[in-house]
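**Q** what shape does this take:
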Amino acid sequence: MMNQEIIAKAAEVINNGTPEWKDRFCALALIDEKGYPTASTVSIARADGIKTLSFGVSLDNNKARRAGKNNRASVCVNSPNFNITLVGTVEILTDAETKKETWCDGWEKHWSGADDPNFAVLRFSTERYNLFVGWESAEGVL
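**A** Next up is the predicted model:
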């Protein structure tokens, strides 16, 4: 199978979830203050296939602090039927339009709303990928 077909399958998984992966959680690894990768579970708020994934974060949170000091990151989305590993960079977005577009129901327990000054969007942009979807694999650079 060609890489583009596997990328399309991975994009479908990320954009729409699957029966065994309906909550759209993934592991986000950022570099900590001592130079080590530190992974945490986050939910994907918005995605453009494997190209970009967005997450809600608090500006006073470790994820935002780490991303502000070192923008290199990795995301791993997995289940027994797929493993989608992406490597790239993150940026912290605080503009009102992006925050409003990314806002998800249920986040009220963390922030007062999309206009909460502590709410920000962490946007991950993929540079390279390693995909295992539908018993097919592909790796490459976007």
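**Q** hey, let's count contacts and neighbours off CA atoms from now on
**A** Will do.
**Q** which element is the spatially most central residue of the chain on?
**A** Among the residues of the chain, the one closest to the centroid is Leu53, at 4.1 Å (Cα atoms, centre = their mean). Take DSSP states H and E as the rule and Leu53 turns out to sit in strand 52-58.
**Q** that strand pairs with which strands?
**A** strand 46-48 (antiparallel), strand 119-133 (antiparallel) (DSSP bridges).
**Q** can I get that strand as PDB, trimmed to CA atoms?
**A** Extracted in PDB, the C-alpha atoms of strand 52-58 (Å, rounded to 0.1, in the frame of the first residue of the first chain):
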ATOM      1  CA  THR A  52      -1.900  19.400  12.700                       C
ATOM      2  CA  LEU A  53      -3.500  18.500  16.000                       C
ATOM      3  CA  SER A  54      -4.800  21.000  18.600                       C
ATOM      4  CA  PHE A  55      -5.100  20.600  22.400                       C
ATOM      5  CA  GLY A  56      -6.500  22.800  25.100                       C
ATOM      6  CA  VAL A  57      -4.000  23.800  27.800                       C
ATOM      7  CA  SER A  58      -3.700  26.200  30.700                       C
END
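**Q** who touches that strand?
**A** Under the contact criterion Cα atoms under 8 Å, 6 or more residues apart in numbering, strand 52-58 has outside partners 42-47, 63-64, 102-103, 118-126.
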